[in-house]
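[1] Sequence plus predicted model, see below.
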Amino acid sequence: MPANKSIERFEAGEHVAGEEGNNGLARQSALLVAVLAALLAVATFLSNESVKEVITGETHRAETSVKIENNQLKIDVAQGAAAMLRVLGDGAHQEKTAARAALAQELEVQKSFDPTDRRLTEEEHHDEQEVSEYNTKHLLFELAQVGLEVGIVLATVAIVARRRWLLTGGIIVGIVGTTLLAAGFVVT
C-alpha cells in the first residue's frame, strides 16, 4: 500500500472517531502512522530496487553462461583439430609435423581458452551469489512492507475503536516490519 493511501486511511479513521476526549490516543496513532508510512515508502523503494538487481544479475549470468558455452565450443574445436592433425600425418616426416602442429594447437587451447573458461566460470558464480543476495533482500523488504502496512492499519483502527491495545499491536507489528527492513540492509 503506498504511503499516501496509509495517510488517507488514517485521516478517514480520525474523522470517524472525532476529536472528543481521545486526543492522546489519536496523536500517538497519528505519529505512529506517519513513521510507519515513511518506513513503508523506504521498504517499497528498496524492494523495487532489489527486483531490478535480480533481473540485471540474471541477465549478466545468462550472458556469462553463453560466453562459457561459446568458449567451451572453441576448446572442443581446437582439441578436435589437434586430434585430426595427429591422425592425418602419414609417414615419419609428416607425422612429426602433424604432431608438432597438434601440440601447438593444444598449447594454444591451454594458453588462450582455459584461462578464459576459468574467469568466466568465476564470473558466473559471482553473478549467482549476487542474484541470491538480492532475492533475499527483496523477500525481506516485501515482508517489511507487510509488517508496516499491518501496523498502519492497527494504528488507524485504534482511533476508530478507541482501543489502546490496537495501537500497541500496531507498534509491535511496526517494530517487526522495521526489523525486517533493517535486516534487508545487512544481507550480504
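    Structure's in. What do you need?

[2] Any idea how many residues pack against Gln129?
    12 (other C-beta atoms under 10 Å). To be clear about C-beta, it is placed using only N, CA and C from the backbone, and glycine gets the same treatment.

[3] ugh, typo on my part, it should be Ser29
    By the criterion of other C-beta under 10 Å, Ser29 has 28 neighbours.

[4] Ignoring the adjacent residues along the chain, who's closest to the one residue sitting closest to the centre of the chain?
    Central residue of the chain (C-alpha atoms, centre = their mean): Tyr134, 1.8 Å from the mean position. In space, and not counting its chain neighbours, Tyr134 is closest to Glu53: 4.1 Å by C-beta to C-beta, 6 or more residues apart in numbering.

[5] number of nearby residues for that neighbour?
    17.

[6] Run a quick check on it versus Thr136, I expect a contact.
    No. Assessed by C-beta atoms under 8 Å, Glu53 is found out of contact with Thr136, at 11.2 Å.

[7] what residues are up against the residue nearest to Tyr134?
    Residues counted as contacts of Glu53 (C-beta atoms under 8 Å, 6 or more residues apart in numbering) are 130, 134, 137.

[8] just Leu25 next, same as before
    By C-beta under 8 Å, 6+ apart, Leu25 lies in contact with 158-159, 162, 164, 167.

[9] related to what we said a few turns ago, of all the contacts of Glu53, which comes closest to Ala38?
    Closest to Ala38 out of the contacts of Glu53 is Lys137 (19.5 Å), distances taken as C-beta to C-beta.

[10] next one: phi and psi at Arg163?
    The phi and psi torsions at Arg163 (degrees, to the nearest 10) take the values phi -130, psi 120.

[11] Kindly tell me how buried it is, as a neighbour count.
    Neighbour count of Arg163, defined by other C-beta under 10 Å: 14.

[12] Equivalent analysis for the one 10 residues further on, please.
    Around Val173 sit 21 other residues, with neighbours defined as other C-beta under 10 Å.

[13] So what's the gap between the helix or strand hosting Val33 and the chain middle?
    Using DSSP states H and E, Val33 falls within helix 23-88. Chain-centre distance of helix 23-88: 6 Å, with C-alpha atoms, centre = their mean, to the nearest Å.
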